[in-house]
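[1] No sequence on hand, only this structure:
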């Protein structure tokens, strides 16, 4: 296996400010559309998108064993299927190409014009075709808050919670990239005090601050993945907003779990940050509070120190940061999640997405959902413009940011930002057919 | 829209016995691998598979507007995306080609040899790349039985059940075709009377007798599908065995629903029977017991009369039929399921699969799972060989069959049949590396 290149002193001939999320130490992967309507796999340095398809065509990856059209595709699935060694060789090579001292591309104007686009000139797409999407429930603070509100504060955590990373299956088809607007969902709800359900627009539309990891092909059906091998199958991470309609969820979710309260939309940040880029930010997670079964016992530092923030921006207004949390609060690690997911032999494919569950921290300003921040609406959240929110209004934009900060280098995820539109209204049918 | 061709008196120049599931009135769609290792989209008459890719190449579909490589693919997704008019034109045209009186292919030996294979000479594949898989819970008898066993016989149905087709998301990656063996899953369980979970092979491995429908691209994110338009987006149906490990399921499923108790395997019959072929078997479903919300009110006959059977066959033994049920027992129809699934704007794609949930009938011999047939193991099921089963043993094969019978014509689904192997054992590592 080649070594990771993560020299904190390296600089690039592409300039960027010191607080960029995308220094040459990051080198994330994504998919973008150019103004010429070409879709390509790309990376990013500072405010510039890099067309990896064009780089490959121009021969810049000839030193790396790759299939001919590896980057001339509209999803990263095939690249991810190629495995960890390929990911590392390509990321290291991109670092070399854009290193300040490397003249290959730097001094080749014609090539540069084919390869480098300002971010304003590209439109980011979903980076992978998501086969299956699983959502975990791995923040103890979140599970405790929700259990306190909806069941019993004395027994907020259910008996299984400290023994396994509880999870459920979500809907892949409704996962969208940052930037796309979302219609408020309607659905069945049971009004307070009534025994007759109604259909109405959700009045408790919520975000969930999550991160998600993307896997490669990991196993055959029937074969578990050992916890200490699990990270080999994780390509990287994104920010993840698991939009939720609490009124719809509350009425539907027994006994089989959340369904329409969740599957109207989930949104992701478009750049996948690799585990190699995150390696310098590895940290301890919480200590287990119950003895772990062997298949969940993980050696070493199992978490990552990733700062997370959520803003709400009303129409024509300014942003208010309503939550500051951190990925390191997660009780269960990604490796434990993947080991648990496969203990029964469940098959994991390239492009599968695994959400962390809402990441709430210990303090009230670090909660990862409006349900918790406003405590079911009992303590509305104040915004800069003097208005308040128990949940999300039409025309509000919710923006999540995430970054690691470790001395001078910041490795970030950019943002996932989506605006809420009113419930979809079918167009009235024209009476005069054309 | 062209008319359906469903002449019950039509016969084919391919011979078959009267009790075949695949007379010329069926014309299902599937994907198969030939002995020459070619994958193609196909259909079936009697015991013969028909290579639709070869038929298209030879010009037999020139009268139907199709893209050039429509049938030279390894999944039906693109064909299904083309929509109902294309499905019907192709099915009608296949009926014409194989009609007893049509000499085009019948009398062209060279073409016949390229197009027609005995079923023994092909290996059936999954017919679609499944984007998302949803499992409903739409048999009142099943929901009542399970509620009685695990909660309260006096309040077996939860309050939402009669108001909506309750459902949850399942795992697409673990769906396999009939014929593939399945390893018994292991996983966390809480032994009776203990508060310490263990990891062990499931001792209550169960089948669930279901059917599933496959959809085409139906909507954009945010847009509901009206109940009376829903069938336009249903391509066809298959038999579906939603394998379940009751001990794993019981410990994990609160509060977010079934996960590892289900996602180790689900198996499907390989031929998708179209809604056009099922049209003559349309029937009334159960009357609603509660007033329906408008979006679930469906006009006309909403169900289909499909006989269902389950066999258990021990290793080297003979089959015992342990259940006889019928699709028409379903309380919620497929159209109601799809209208509910999209009331919040959830996106439905080509190749999505929607399971009915376990189809239990009113009598104890029509229950669709061992959990119900053996009533949690209290009344073990007797097999022909004198042995008994509370759940499924290693080396047992479970086979489900389904067919419609309406006078002389039988339209069937074939079968979904899978054998259970012991828990997967990793190969011991060789000490002498090669």
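    The structure has been received and is ready for your questions. No experiment lies behind these values; they were computed from the predicted model shown.

[2] and the residue of the stretch 151-300 of chain A nearest chain B?
    Closest residue of the stretch 151-300 of chain A to chain B, Cβ to the nearest Cβ: residue A:257 (2.4 Å). The C-beta positions use only the backbone N, C-alpha and C, and glycine is treated the same way.

[3] Which element, helix or strand, includes that residue?
    For residue A:257, there is no host helix or strand (DSSP states H and E).

[4] Just list the residues touching it, thanks.
    By Cβ atoms under 8 Å, 6 or more residues apart in numbering or on different chains, the residues touching residue A:257 are A:168, B:168, B:253, B:255-258.

[5] Let's have these in a markdown table, adding distance to residue A:19.
    Shown next, in a markdown table, are the contacts of residue A:257 (distance: Cβ to Cβ, whole Å):
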| residue | distance to residue A:19 |
| --- | --- |
| A:168 | 37 |
| B:168 | 43 |
| B:253 | 45 |
| B:255 | 40 |
| B:256 | 38 |
| B:257 | 42 |
| B:258 | 45 |
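
[6] Kindly present these as JSON lines, with separate columns for distance to residue A:345 and pLDDT.
    Conversion of the contacts of residue A:257 to JSON lines gives the following (distance: Cβ to Cβ, whole Å; pLDDT from 0 to 100):
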{"residue": "A:168", "distance to residue A:345": "18", "pLDDT": "98"}
{"residue": "B:168", "distance to residue A:345": "20", "pLDDT": "98"}
{"residue": "B:253", "distance to residue A:345": "18", "pLDDT": "94"}
{"residue": "B:255", "distance to residue A:345": "25", "pLDDT": "93"}
{"residue": "B:256", "distance to residue A:345": "21", "pLDDT": "95"}
{"residue": "B:257", "distance to residue A:345": "19", "pLDDT": "95"}
{"residue": "B:258", "distance to residue A:345": "16", "pLDDT": "97"}
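
[7] List just the nearest of the residues you listed to residue B:194.
    The nearest member of those to residue B:194, counting by Cβ to Cβ, is residue B:253 at 17.9 Å.

[8] which phi and psi does that closest one have?
    Here is the backbone geometry of residue B:253 (degrees, to the nearest 10): phi -80, psi -10.

[9] what's the nearest residue to the residue in the stretch 301-434 of chain A positioned nearest to chain B if we skip its chain neighbours?
    Proximity to chain B, evaluated over the stretch 301-434 of chain A using Cβ to the nearest Cβ, is greatest for residue A:344 at 3.7 Å. For residue A:344, ignoring the flanking residues on the chain, the nearest one in space by Cβ to Cβ, 6 or more residues apart in numbering or on different chains is residue B:185 at 3.7 Å.

[10] do residue A:125 as well
    residue A:31 (4.4 Å).

[11] what's the domain layout of chain A?
    A:30-124, A:133-421 (automatic domain parsing).

[12] Show me the one of those domains that comes nearest residue B:373.
    Closest among the domains of chain A, using Cβ to Cβ: domain A:133-421, at 20.8 Å.

[13] Start and end of that closest one, how far apart?
    Domain A:133-421 has an end-to-end distance of 25 Å (criterion: Cα to Cα, to the nearest Å).

[14] go on, stretch A:181-197?
    By Cα to Cα, one end of stretch A:181-197 lies 28 Å from the other end.

[15] and if you look at stretch A:146-165?
    16 Å.

[16] Show me the contact partners of that stretch.
    With Cβ under 8 Å, 6+ apart, stretch A:146-165 has contacts from A:136-138, A:140, A:143-145, A:166, A:250, A:288-290, A:292-293, A:296, A:332, A:336-337, A:340, A:371-372, A:375-376, B:188, B:190, B:195, B:197, B:251-252, B:254-255.

[17] ok, now with 7 Å
    Under the criterion Cβ atoms under 7 Å, 6 or more residues apart in numbering or on different chains, residues A:136, A:138, A:143-144, A:166, A:289-290, A:332, A:336-337, A:340, A:376, B:188, B:197, B:251-252, B:254-255 lie in contact with stretch A:146-165.

[18] Can I get the buried ones among these as something I can paste into PyMOL?
    This is how PyMOL selects the buried members of these, with burial counted by 16 or more other Cβ atoms under 10 Å in any protein chain shown:
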select buried, (chain A and resi 136+138+143+144+166+332+336+337+340+376) or (chain B and resi 188+197+251+252+254+255)
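
[19] Just the ones of the contacts of stretch A:146-165 in helices?
    Within the contacts of stretch A:146-165, residues falling in helices by DSSP state H are A:143-144, A:336-337, A:340, B:251-252.

[20] could you say which helix or strand contains the closest residue to residue A:129 other than its chain neighbours?
    Computed as Cβ to Cβ, 6+ apart, the closest residue to residue A:129 that is not its neighbour in sequence is residue A:75, at 4.6 Å. Per DSSP H and E, residue A:75 falls between elements, in no helix or strand.

[21] Show the pLDDT at residue A:75.
    With respect to pLDDT, residue A:75 scores 98.

[22] Give me the neighbour count for it.
    By other Cβ atoms under 10 Å in any protein chain shown, 18 other residues sit near residue A:75.

[23] Surely it and residue A:29 touch.
    No - assessed by Cβ atoms under 7 Å, residue A:75 is found out of contact with residue A:29, at 10.8 Å.
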